[in-house]
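Asker: fold the following for me, if possible:
(chains A and B)
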Amino acid sequence: DQQVKQNSPSLSVQEGRISILNCDYTNSMFDYFLWYKKYPAEGPTFLISISSIKDKNEDGRFTVFLNKSAKHLSLHIVPSQPGDSAVYFCAASAPYAGGTSYGKLTFGQGTILTVHP
Amino acid sequence: KAGVTQTPRYLIKTRGQQVTLSCSPISGHRSVSWYQQTPGQGLQFLFEYFSETQRNKGNFPGRFSGRQFSNSRSEMNVSTLELGDSALYLCASRSDRARNSPLHFGNGTRLTVT
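Answerer: Numbers count the residues shown, from 1 in each chain, chains lettered A, B, ... in the order given. Model (predicted):
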C-alpha cells in the first residue's frame, strides 16, 4: 500500500524554465510534508517543508504547494538550474507517540529531474 | 555544525554474518531514525530512537535492531544477513524542539551481502 506516490519517474526541463514535481498521498493523518533532493551515493538533502495548516511555503527558488482536499502537493523550482539535476523525493509524516514523534517519514519513489543547459 | 556522520561508508559481508552500523547525529539532536534504501522498495523506515528509547518501529523482521546511547549516538545491527539485506542504510537526526522539524540525513552505509 503506497501511501505517498510520485507518478512521474522522470522530468526533463530547460535551464531557466520552471520545474514542477508532483506528489499524491492517501493517508489523511499526514500533517507534515517535506521535499528532499538526492545525488547518487549521498544521503537525501532537505529542501523545503510545509505543515498541513498552510497551503504554500517559499524558500528562494523553491515553493511547495499543498492541496489538502486533493491530497496533492507539488514542488516548483524557478528558475531551474543544471545543478538542480538530481532525484527528488517527497515525504510525509503523521504524529505518533502522543504527538511527539515525527521521525518516521513515508517516502514517494522519487522523480529524476534533469535540467538541460 | 557538523552533519550526520555514518560509519563505515561501505561494508561487504557474507550471508549469515551480522553487522553493526554507527551513526553520530547533529549536535543537539536527540532523535535518530534509520532508513533502508533499495532499488525495489525505495526508502523505508526502520526505527526511531529518542533518549535511548525506541519510539517507533517499521515493518522489518527482528533481525534488525538498534540502540541509542546517552550521547544520542546510535547503532543498528542486522543479524543473520540475507542477500536481500544489501542496501544503502541511512541514518537521520532531527531536533525535537519544534514539532515540525525536518530530518537531516547522513550519507549512508552501503552494505553488500554476498
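Asker: list the buried residues for stretch A:41-50?
Answerer: Judged by neighbour count using 16 or more other CB atoms under 10 Å in any protein chain shown, the buried positions of stretch A:41-50 are A:Gly43, A:Pro44, A:Phe46, A:Leu47, A:Ile48, A:Ser49, A:Ile50. Where C-beta positions appear, they are placed from N, C-alpha and C, glycine not excepted.
Asker: quote the end-to-end distance of stretch B:65-85.
Answerer: Stretch B:65-85 has its terminal residues 13 Å apart, counting by CA to CA, to the nearest Å.
Asker: contacts for it?
Answerer: Applying CB atoms under 8 Å, 6 or more residues apart in numbering or on different chains, the contact partners of stretch B:65-85 are B:13-25, B:29-30, B:32, B:34, B:46-47, B:49-54, B:63-64, B:89, B:91, B:93, B:111, B:113-114.
Asker: keep only these that also lie close to chain A.
Answerer: Of the residues in these, proximity to chain A by CB under 8 Å from any CB of the partner chain holds for B:Val32, B:Phe50.
Asker: SS state for the spatially most central residue of chain B?
Answerer: Against the mean C-alpha coordinate of chain B, by CA atoms, centre = their mean, the closest residue is B:Trp34 at 3.1 Å. Three-state call for B:Trp34 (DSSP: H, G, I helix; E, B strand; the rest coil): strand.
Asker: ok, and the closest non-adjacent residue to A:Cys90?
Answerer: Sequence neighbours aside, A:Cys23 is the residue nearest to A:Cys90 in space, at 3.6 Å (criterion: CB to CB, 6 or more residues apart in numbering or on different chains).
Asker: who are the packing partners of the helix or strand harbouring that neighbour?
Answerer: Using DSSP states H and E, A:Cys23 maps to strand A:19-25. Other helices and strands packing on strand A:19-25, by 3 or more CB pairs under 8 Å, 6 or more residues apart in numbering or on different chains; DSSP states H and E, are strand A:4-5, strand A:10-14, strand A:32-38, strand A:72-77, strand A:86-93, strand A:111-116.
Asker: columns distance to B:Leu83 and mean pLDDT on top of the ones you listed, output as CSV?
Answerer: Shown next, in CSV, are the helices and strands packed on strand A:19-25 (distance: least, CB to CB, whole Å; pLDDT from 0 to 100):
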stretch, distance to B:Leu83, mean pLDDT
strand A:4-5, 27, 96
strand A:10-14, 29, 98
strand A:32-38, 24, 96
strand A:72-77, 35, 98
strand A:86-93, 25, 96
strand A:111-116, 27, 97
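Asker: output these in CSV, with mean neighbour count appended to each entry.
Answerer: Formatted as CSV, these follow (neighbours: other CB atoms under 10 Å in any protein chain shown):
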stretch, mean neighbour count
strand A:4-5, 19
strand A:10-14, 13
strand A:32-38, 23
strand A:72-77, 19
strand A:86-93, 23
strand A:111-116, 17
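Asker: can you put these in JSON lines and add distance to B:Asp85?
Answerer: Putting these into JSON lines (distance: least, CB to CB, whole Å) gives the following:
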{"stretch": "strand A:4-5", "distance to B:Asp85": "24"}
{"stretch": "strand A:10-14", "distance to B:Asp85": "28"}
{"stretch": "strand A:32-38", "distance to B:Asp85": "21"}
{"stretch": "strand A:72-77", "distance to B:Asp85": "32"}
{"stretch": "strand A:86-93", "distance to B:Asp85": "22"}
{"stretch": "strand A:111-116", "distance to B:Asp85": "26"}
